[in-house]
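*Asks:* Make a model of this:
(chains A and B)
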2 protein chains.
Amino acid sequence: MADNKAPIQFWFDFLSPFGYLGSLQIEKLAAEHGRTVDWCPTLLGVMVMNVMGLPAVPATPLKGPYSGRERNRLFGYFGVKLDPFGDGGLPPLPAIRTYTWLKMRDPALARHFGQALYRAHWSEATDVTTPEAVARFGSDRFGLDRGEIIAAIDDPAVKDALKASVGRALEIGVFGVPTFVIDGERFWGNERLPMIDRFLATGSLDPD
Amino acid sequence: MADNKAPIQFWFDFLSPFGYLGSLQIEKLAAEHGRTVDWCPTLLGVMVMNVMGLPAVPATPLKGPYSGRERNRLFGYFGVKLDPFGDGGLPPLPAIRTYTWLKMRDPALARHFGQALYRAHWSEATDVTTPEAVARFGSDRFGLDRGEIIAAIDDPAVKDALKASVGRALEIGVFGVPTFVIDGERFWGNERLPMIDRFLATGSLDPD
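*Replies:* As a prediction, the model looks like this:
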């Protein structure tokens, strides 16, 4: 039904709990408006620290503590269970490289994998922090070969594909997670979902 | 009707167009929930650059251009006219010190002055960028004495009151404009208005 409508780009990094919430919300909104979602991997650390020259949010004075509180209540607001693995920290490369590898082979499977991995880390206290843990997760949940996952995480072609994706993010001005790109318009954060809803419905950002 | 409910603290700096939008929205929400709004002055530059050690948003790579676009479409989203004076830049001290001085004398008048000044700068292309311009504005719109305004802007007692207000903002962890503080809970940005609406209605941040 949405043959002539471009997919919504969902720019994400698994380490962001706000990205997880965004993934759930944008899939709902896209379905309501007859759109599909293209999960585009990026690396928050590269964008924020290397390119923008900013400290990570948790290390930013004033904003860091606020962000922690915001995370907790935003899960409550959206009705999503918050039960992260460990202290919530997630070294992103094993998970996001595995996602990138899967996307090169089978984008639909990659999306399901991404959804499940987000949920595993943030709602199910499941370890996906190391190559071995991601390989176990991929095997247990999707029947993937552990050795293939371990190899993919170190595969130069996969690394290059991820770098290229981060490069595309920077080219179009993505700087945070989640960022949604719809028909050339960028929206940063779950905060913009009501505006996105209106934009998808009307094709315009003007008031009613 | 809201005798036993504390006012909503609205932390603002006139230089922020998002603060202007926030002032309009929070007054509506407060009225709907039987609350009043306490307009609390702060200085965005002190919080962001001096305390957090960050560049100003317009000077931040990637985020700067996004923020300009976001400003324009957010005015459209809320149906507020965007017609700033000059290039939109507003050296904050003349306006915010005049507001601070008025609040010491007459908080209700100060709030009306704040509302009118925000609108003048952002929707009516009216000059409030210098002590002389603010004095003219205060005289034309509120019948205030120009000389008194000019004197207030340089009054050490007014400067101290503003510094104390910025200090209170930092103590409670305010770091952006607009920030709304409701019954001890901080909400940063117009993005949190739906969450604030629910919080005011239910007294809880949990899902329905």
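*Asks:* and the helix or strand of chain A with the lowest mean pLDDT, does that touch chain B?
*Replies:* Least confident element among the helices and strands of chain A, by mean pLDDT, DSSP states H and E: helix A:44-45 (a mean of 86). No. Contact of helix A:44-45 with chain B (Cβ under 8 Å from any Cβ of the partner chain) is absent, the minimum separation being 12.2 Å. For the C-beta atoms, the positions are set from N, CA and C on the backbone; glycine is no exception.
*Asks:* Next: stretch A:185-196.
*Replies:* Yes. Interface with chain B: stretch A:185-196 contributes A:R186, A:W188, A:G189, A:E191, A:R192, A:P194, A:M195 (Cβ under 8 Å from any Cβ).
*Asks:* pretty sure the third one is touching A:F175, no?
*Replies:* Same thing as A:G189. No. Counting by Cβ atoms under 8 Å, A:G189 stays clear of A:F175, with 10.8 Å between them.
*Asks:* Compare these two (neighbour count), which wins?
*Replies:* A:F175 (24 against 16; other Cβ atoms under 10 Å in any protein chain shown).
*Asks:* Helix, strand, or coil at that one?
*Replies:* coil (DSSP: H, G, I helix; E, B strand; the rest coil).
*Asks:* show me the contacts for A:N72.
*Replies:* A:L82 (Cβ atoms under 8 Å, 6 or more residues apart in numbering or on different chains).
*Asks:* and it, what are its phi and psi?
*Replies:* Backbone torsions of A:N72, given as degrees, to the nearest 10, read phi -60, psi -50.
*Asks:* Check A:G173 too.
*Replies:* Dihedral angles for A:G173 - degrees, to the nearest 10 - are phi 90, psi 20.
*Asks:* Look up the closest residue to it, ignoring the ones flanking it.
*Replies:* B:L62 (5.5 Å; Cβ to Cβ, 6 or more residues apart in numbering or on different chains).
*Asks:* how deep is the closest residue to chain B within chain A tucked in, by neighbour count?
*Replies:* Relative to chain B, the nearest point of chain A is A:E191 (2.9 Å; Cβ to the nearest Cβ). Using other Cβ under 10 Å, A:E191 has 19 neighbouring residues.
*Asks:* What of A:I26?
*Replies:* For A:I26, using other Cβ under 10 Å, the count is 24.
*Asks:* Might one say that it is in contact with A:F12?
*Replies:* No. Judged on Cβ under 8 Å, A:I26 makes no contact with A:F12 at a distance of 9.6 Å.
*Asks:* Quickly list what's touching both of these two.
*Replies:* Counting by Cβ under 8 Å, 6+ apart, the residues touching both A:I26 and A:F12 are A:P178.
*Asks:* Which residues of chain A lie near chain B?
*Replies:* Counting by Cβ under 8 Å from any Cβ, chain A comes close to chain B at A:47, A:51-55, A:60-63, A:65-66, A:69-70, A:73-74, A:76-79, A:170, A:173-176, A:186, A:188-189, A:191-192, A:194-195, A:198, A:205-208.
*Asks:* how about the helices in chain A?
*Replies:* Counting by DSSP state H, chain A has helices at residues A:17-32, A:44-45, A:63-78, A:93-105, A:107-123, A:131-142, A:146-153, A:156-171, A:193-202.
*Asks:* one step back: so which pair among the residues of stretch A:185-196 next to chain B is furthest apart in space?
*Replies:* Put simply, by Cβ to Cβ the two of these set farthest apart are A:R186 and A:P194, 16.0 Å from each other.
*Asks:* which one of those two has more residues nearby?
*Replies:* The neighbour count for A:R186 versus A:P194, taken as other Cβ under 10 Å, is higher for A:R186 (20 against 14).
*Asks:* Name all residues that make contact with the more buried one.
*Replies:* Counting by Cβ under 8 Å, 6+ apart, A:R186 makes contact with A:I172, A:G173, A:V174, A:T179, A:F180, B:Y66, B:R69.
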